[in-house]
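In: quick check, what structure comes out for this input:
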Amino acid sequence: MAGTPDLFVVCKKCGSEVSPYITECPYCGTRLRKRAPKIDRRAGEASPRAPRRAVRPTLTPLRTNEIPGIRGDPTGRPNATYVLLALSLIGFLVLPFVTDADLALASLTGDAWRYVTSAFAYPNAWYQLAVLLPLGVAGWRLEQRHGPILVLALFAACGIGGNAIAVAIGADALVFGAPGAALGMLAAWALPDILRARHGVEHDGDLLGALTLAVVVLATTAVVPGASTVAAVAGLVLGALAGLMLLRGTDMHR
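Out: Okay, the predicted model is just below:
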């Protein structure tokens, strides 16, 4: 083949047979050529490398506990949870300067903005602590798993929706806070881990801690005026349904 070096060459000075890929005779040191021929590792002759194709960016595969359209960031900041906690603290600070009826939810036919303000107003500091602690923990973990949209949706459905259910059935005259959001987020976070634990599948949630927080919320709503146990239970049920949907979504797309 043209361009292919011989199996060996003969040194003109000492007559030794040497490799065609060296520039000097190893026996006598005579200069054989200025540079050694290039080696083609594939075909035995030098040839230019083929250009590399550009790699198209692709989405990473779904991680554990993710479903299509709802992605979390395990290392990201739970900004949606921070906003909910901040608004709840502001509502607690504002409440002493207004009457209870100005912020609480008392009727489904009243001002629509009371649905929102009632969920961020707490007439008692211990009640607020009992609700915001599980809400912050569960909201943070859910936001890392599934993103901020789910956290905001659960707060609206379980917190505001739970308060509306309590008022609709006439269980409470005035409803403050969002115990339904706290229990709903706890349920949505813990229920997938509970079902995995029952089937012997590895899980990362503190189930005993979640149960303790849930019991504290229910006990607080039973003794604090303006805190609704019905709203808390309604939010718990809605959150459990959301947890089942999340579990089914992740299992279907693994």
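
In: tell me how this protein divides into domains.
Out: As given by automatic domain parsing, the domain ranges for the chain are 7-43, 79-252.

In: pLDDT on the last one, on average?
Out: Taken as a whole, domain 79-252 has a mean pLDDT of 86.

In: what separates it from the chain centre, distance-wise?
Out: How far domain 79-252 lies from its chain's middle: 19 Å, per Cα atoms, centre = their mean, to the nearest Å.

In: how about stretch 8-28?
Out: Here the centre of stretch 8-28 is set off from its chain's centre by 68 Å, with Cα atoms, centre = their mean.

In: quick check: mean pLDDT across it?
Out: The pLDDT scores in stretch 8-28 average 75.

In: buried stuff in that stretch?
Out: For stretch 8-28, the neighbour count (16 or more other Cβ atoms under 10 Å) marks 9, 11, 18, 25 as buried. For every residue, glycine as well, the C-beta is placed using N, CA and C.

In: contacts only, for the last one.
Out: For Cys25, the contacting residues are 11, 13-14, 16, 18, 32, by Cβ atoms under 8 Å, 6 or more residues apart in numbering.

In: could I get the residues you listed as JSON lines with distance to Leu211?
Out: Converted to JSON lines, the contacts of Cys25 look like this (distance: Cβ to Cβ, whole Å):
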{"residue": "Cys11", "distance to Leu211": "88"}
{"residue": "Lys13", "distance to Leu211": "92"}
{"residue": "Cys14", "distance to Leu211": "91"}
{"residue": "Ser16", "distance to Leu211": "87"}
{"residue": "Val18", "distance to Leu211": "82"}
{"residue": "Leu32", "distance to Leu211": "84"}
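
In: restricted to helices, list these.
Out: Using DSSP state H to define helices, no part of the contacts of Cys25 is located there.

In: what is the burial count for the residue lying closest to Leu195 once chain neighbours are set aside?
Out: Excluding its sequence neighbours, the residue lying closest to Leu195 (Cβ to Cβ, 6 or more residues apart in numbering) is Leu247, at 6.1 Å. If you count neighbours by other Cβ atoms under 10 Å, Leu247 ends up with 19.

In: what helix or strand does Leu247 sit in?
Out: helix 229-252 (DSSP states H and E).

In: C-alpha coordinates for that helix, PDB please?
Out: Taking C-alpha atoms only, helix 229-252 is exported to PDB below (Å, rounded to 0.1, in the frame of the first residue of the first chain):
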ATOM      1  CA  THR A 229     -60.400  21.200  63.700                       C
ATOM      2  CA  VAL A 230     -62.700  20.700  60.800                       C
ATOM      3  CA  ALA A 231     -60.400  22.800  58.500                       C
ATOM      4  CA  ALA A 232     -57.400  20.800  59.700                       C
ATOM      5  CA  VAL A 233     -59.000  17.400  59.000                       C
ATOM      6  CA  ALA A 234     -60.300  18.600  55.600                       C
ATOM      7  CA  GLY A 235     -56.800  19.700  54.700                       C
ATOM      8  CA  LEU A 236     -55.400  16.400  55.900                       C
ATOM      9  CA  VAL A 237     -57.700  14.500  53.600                       C
ATOM     10  CA  LEU A 238     -57.000  16.700  50.600                       C
ATOM     11  CA  GLY A 239     -53.300  16.400  51.200                       C
ATOM     12  CA  ALA A 240     -53.500  12.700  51.500                       C
ATOM     13  CA  LEU A 241     -55.200  12.500  48.100                       C
ATOM     14  CA  ALA A 242     -52.500  14.700  46.700                       C
ATOM     15  CA  GLY A 243     -49.800  12.400  48.200                       C
ATOM     16  CA  LEU A 244     -51.500   9.400  46.500                       C
ATOM     17  CA  MET A 245     -51.500  11.200  43.200                       C
ATOM     18  CA  LEU A 246     -47.800  12.000  43.600                       C
ATOM     19  CA  LEU A 247     -46.900   8.500  44.500                       C
ATOM     20  CA  ARG A 248     -48.800   7.100  41.600                       C
ATOM     21  CA  GLY A 249     -47.200   9.600  39.200                       C
ATOM     22  CA  THR A 250     -43.700   8.800  40.400                       C
ATOM     23  CA  ASP A 251     -44.300   5.000  40.200                       C
ATOM     24  CA  MET A 252     -45.700   5.200  36.700                       C
END
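
In: no further questions, thank you.
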